[in-house]
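Enquirer: sequence first, then the predicted structure, then my questions.
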Amino acid sequence: MTGTLRAGLVLGGGLVLLAIVGPWIAPDPLAQPDLITGTLQSPSATHWFGTDQYSRDVFARLAAGARASLGIAVGAVVVATLLGTLVGLIAGGARGAAAEALRRAIDLLLGLPRLVVLLVLLAAVGPLTPLSLALVLGATGWPAIARLVRGETLRLRETGFVGAARALGASPLRILRRDILPGAMAPALVAATLGIADAILLEAGLSFIGLGIQPPAPTWGGMILEARDHIASAPWLLLAPGLALVVATTAATLIGDALRHRLLPGTR
Amino acid sequence: MTDLLEVRDLRISFAPPGAAPIVPVDDVSFGVAAGEMVALVGESGCGKSLTGLAILRLLPRGAQLGPKSAIRFAGVDLATLSETTVRPYRGARIAMVFQDPMSSLNPVMRVGAQIVEAIQAHASVPFSTARARAIALLAEVGIADPADRVDAWPHQLSGGMRQRVMLAIALAGEPDVLIADEPTTALDVTVQAQILELLDTLRRTRQMAVLLITHDLGIVAGRADRVLVMYAGRIVESAPASTLFAAPQHPYTRGLFGSIPRLDGPVERLASIAGVVPPPGQWPSGCRFHPRCPLAVAACVATRPPLVADTAAHATACWVTAGSPT
Amino acid sequence: MTHWLVRRTLDAALSTLGGVLLLVVLVQVLPGDPLAAVIRDFPTDPATLTALRERWGTDLPLGTVVARFVGGALRGDLGTSLAAGRPVTTVLAERLGPTLLLGGLTLLVHFTIGLALGLWTALHPRTLRARVIGGLTLVGYALPSFVIGLILVWLFALTWGWFPPAGYSDPLLASDAGLGAVLLDRVRHLALPLTTMVLATIAVPIRHQRAAVDETREAPWVVAARARGVSPARLAVHHIWRPALTPIVTLLGLWLPMLVGGAVFVEAVFAWPGIGTLIAEATAQRDVPMVVGAGALLILTVQVGSLLADLLYRVVDPAQDAA
């Protein structure tokens, strides 16, 4: 196992662990135990990362935020990968006008800034639940995957073993599923892993501008938004979720890079 | 005839960190006189291109010259110069033409600008004068419409024309020595002949010494005055071209002759040397050619044969054939 | 070339139109009341609601809405903002300047300091300074832009008080202040947002320039140029850097979408009165016409940027002329 992969798995695994065991080792992230004297306390043995302006435990909110951020990002990437692989396979496997129309559609969607589409969606339907946010992030993330899978499908279609399968009389659908899908999945998996970092940042950014999961539910982006009024007096409120974001995106990038080396040797 | 350029004990080594040094060129000595064309012949991977680059101190990063290596030119040992002090020699005294005219021209610079650059690198010439000389040089290397072509981009020219441009650039500094490293390998056969013809004409009109580096003995015949045959980093045979073509001594040289297809000969199996040159670092003991040599004896495995001259001009490094004309 | 330009411009126009239409259709087919921004939580009787829907044309069929939007857009009318009650284009015009200023300056820094740092680190890879630059860009790459912005506010505005923490200009600045004072005020307000944008994005030009220079410095034409005695300075500029510019220009098309994202979050940190804060506020108020209008403007910017990048690519790479 390479150092990159190990570092990525350690960082990512740490956050997943935090998300899972958080409820057992940290207090209730929504509880406001002491609004008189317990607010904005600096890190201590009882409050590892201090408390916020409502006296809530920052470590507990960080763990709960990990659950929200990682859950939404992974959900979004699963949706994007499934949709993107399906559309990419069809676009690469089909011929004629349909394939051309799909190619144009994918290119059109790729030309749209993802954030703009997300904001229009949010303006139309209002604030979202974590599940629908994951779905919406996935629904705006699939074109990139689709383009990769389409290109790989086109390439594999011309290779010898697919020609051999065709000569043996395999049906086109069987060829797509058995001979092309496994190969076309490799770049999709790499892009999906790297896409987790994008999804985490987008979700945090939306929460930071007040358009993501609504308070009081803890998210890293929301914690950063709430921290901005207290940066000078309580910088840990900013640093804790900021660092968590860095660790999460770095882990996804490291694992993605390691996967790329393993699955797609010779690319940069 | 004293040599204008003299290479002595050239040794080039790479020392990768944590590994044994690799020595792709070892103990190579030769000279080139004014107006003489010397051919350095060998298969790819034998160190002949590195030898050419070493003369102008253009070796890739990590390559080192041996402590005894000397490159004497006009009373100066180029091997002792720094990157700064060697620059006045590059192009102005010794020029170089490379194998791939496609990538040896800067793709985003007009060809005229690259010739002008070569002129202005060594003389403070006003631009208009330099440009006029660039056009004259293009005419000299046989490019039609030189006044138009001077403003062409490299991608607008054919491979042969690009190599002519490379020659014009090489001539721009009025060099005494021209090193031509596989100048025709990347070109079509008909264009090859034209470029070689041009090279021959230029060295006669300008009295230039030419070091022609090639893997192809066929293009050497009738042009070179002397031939050096190189194998696995060493010179194995050196002789005047006429002698070498009449009576090659080293089994490797004979093998190379066997590799030249003859248009007028009977169609037979192309006799060639079995195997390939092993990479530097895996070179065998004794005579490095012995694993591929049909005549090898026990001495060839054990001891390196010295380069001995049987006549004043013909030297061969072989335990079996040297001195015994066969 | 003219033929290509016409075709490419047409392509960009169609892509913009297609993208914006997609947004309009999306809004219509999604669940959610398009008048949520107007009605909010006020109790409204059915008669008023009907009147409102008629006035804003929200119960019309999809085809009619799209046709109306396209017709209006072609006449330069993107509808009326539900929250501000003013034409969308008027509001956009007010907000465009600050965003262009911030984004344009960021691009300028990319193309000067970014490329210079990329070239420098490629030519001196093993020095301490190159490692420091590499480390800094990695940190900037890993940290989200809004976290960088808040850290800068904490240090340079709140702790040391060198720069204002937010805003576009000082409201207390005398209206008759001289040009110098106004400029200084603008620079002071620009300092932190611009630094944030640059820190968050400059890793991209540096890395790409470095990768491009790594390729060209080993190119055969560089050896050939050295063989003719070209000076090191000329070598670096004409034979290593200039050919490495070609792959960089294609990047311009990719940077613009990135700058759009950066603008939304960075403008939010500094309450910068640009398109980014506008679209975020309008989304929060569910002001659909405003969001679609701002989105259309951003899509147009991205498409124009990609068109310019392609054009520049043909200027920079002479071999493109033949195609």
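Expert: It's in. Numbers count the residues shown, from 1 in each chain, chains lettered A, B, ... in the order given.
Enquirer: element containing B:Phe257, please.
Expert: Following DSSP states H and E, one finds B:Phe257 within helix B:251-258.
Enquirer: can you map out the strands along the stretch 1-150 of chain B?
Expert: Counting by DSSP state E, counting those that start in this stretch, the segments of the stretch 1-150 of chain B that form strands are B:5-14, B:22-32, B:37-41, B:63-65, B:70-73, B:76-77, B:94-97.
Enquirer: pick the most deeply packed of those strands.
Expert: Greatest average neighbour count among the strands of the stretch 1-150 of chain B goes to strand B:94-97 (a mean of 28), per mean count of other Cβ atoms under 10 Å in any protein chain shown. For every residue, glycine as well, the C-beta is placed using N, CA and C.
Enquirer: how distant is that one from the center of its chain?
Expert: Computed by Cα atoms, centre = their mean, to the nearest Å, the chain-centroid distance of strand B:94-97 equals 10 Å.
Enquirer: for the spatially closest residue to B:Arg131 that is not a sequence neighbour, give me its contacts.
Expert: Of all residues not flanking B:Arg131 in the chain, B:Val116 sits nearest, at 5.9 Å (Cβ to Cβ, 6 or more residues apart in numbering or on different chains). By Cβ atoms under 8 Å, 6 or more residues apart in numbering or on different chains, the contact set of B:Val116 is B:Phe127, B:Ala130, B:Arg131, B:Ala134.
Enquirer: local confidence estimate at the closest residue to B:Asp9 other than its chain neighbours?
Expert: With Cβ to Cβ, 6+ apart as the measure, B:Lys68 is the residue that lies nearest to B:Asp9, at 4.6 Å, once sequence neighbours are left out. You'll see B:Lys68 listed with a pLDDT of 90.
Enquirer: and for B:Lys68, the neighbour number?
Expert: As a burial measure, B:Lys68 scores 11 neighbours (other Cβ atoms under 10 Å in any protein chain shown).
Enquirer: quick check: it touching B:Val7?
Expert: No - using Cβ atoms under 8 Å, B:Lys68 is not in contact with B:Val7; the gap is 11.8 Å.
Enquirer: need the residues touching each of these two.
Expert: Joint contacts of B:Lys68 and B:Val7 (Cβ under 8 Å, 6+ apart) do not exist.
Enquirer: say whether chain B is contacted by stretch C:126-138.
Expert: No - interface with chain B: stretch C:126-138 contributes nothing (Cβ under 8 Å from any Cβ of the partner chain), its closest point being 11.3 Å away.
Enquirer: mind listing what the residue nearest to B:Asp9 touches?
Expert: Per Cβ under 8 Å, 6+ apart, neighbours of B:Lys68: B:Arg8, B:Asp9, B:Arg11.
Enquirer: ok, now C:Val291?
Expert: C:Val291 makes contact with A:Leu119, A:Val120, A:Ala123, C:Ile279, C:Ala282, C:Thr283, according to Cβ under 8 Å, 6+ apart.
Enquirer: possible to save these as CSV with pLDDT, secondary structure and distance to chain B?
Expert: Formatted as CSV, the contacts of C:Val291 follow (pLDDT from 0 to 100; DSSP: H, G, I helix; E, B strand; the rest coil; distance: Cβ to the nearest Cβ, whole Å):
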residue, pLDDT, secondary structure, distance to chain B
A:Leu119, 93, helix, 41
A:Val120, 92, helix, 42
A:Ala123, 89, helix, 46
C:Ile279, 93, helix, 40
C:Ala282, 92, helix, 45
C:Thr283, 91, helix, 45
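Enquirer: what two of those residues are the furthest from one another?
Expert: Largest separation among those by Cβ to Cβ: A:Val120 and C:Ala282, giving 10.0 Å.
Enquirer: can you list the low-confidence ranges for the chain?
Expert: Assuming you mean chain A. Chain A contains residues with pLDDT under 70 at A:1, A:31-32, A:35, A:37-40, A:45, A:47, A:266-268.
Enquirer: should've been chain B
Expert: B:1, B:259-272, B:323-326.
Enquirer: tell me the secondary structure at B:Thr184.
Expert: coil (DSSP: H, G, I helix; E, B strand; the rest coil).
Enquirer: what helix or strand is the closest residue to it other than its chain neighbours on?
Expert: The spatially closest residue to B:Thr184, leaving aside those adjacent along the chain, is B:Gln192, at 3.9 Å (Cβ to Cβ, 6+ apart). In this structure, B:Gln192 sits in helix B:189-206 according to DSSP H and E.
Enquirer: ok, and what's touching that helix?
Expert: Residues outside helix B:189-206 that contact it (Cβ under 8 Å, 6+ apart): B:35, B:37, B:140-142, B:158-160, B:163-164, B:167, B:171, B:174, B:178, B:180, B:183-184, B:187, B:208-210, B:212, B:219, B:223.
Enquirer: please name the residues that touch the closest residue to A:Val125 other than its chain neighbours.
Expert: Spatial nearest neighbour of A:Val125, excluding adjacent residues (Cβ to Cβ, 6+ apart): C:Gly32 at 3.8 Å. Shown in contact with C:Gly32 (Cβ under 8 Å, 6+ apart): A:Ala124, A:Val125, A:Gly126, C:Arg286.
Enquirer: turn these into JSON lines, including distance to B:Gly91 and neighbour count.
Expert: Output for the contacts of C:Gly32, formatted as JSON lines (distance: Cβ to Cβ, whole Å; neighbours: other Cβ atoms under 10 Å in any protein chain shown):
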{"residue": "A:Ala124", "distance to B:Gly91": "68", "neighbour count": "23"}
{"residue": "A:Val125", "distance to B:Gly91": "70", "neighbour count": "17"}
{"residue": "A:Gly126", "distance to B:Gly91": "72", "neighbour count": "17"}
{"residue": "C:Arg286", "distance to B:Gly91": "71", "neighbour count": "25"}
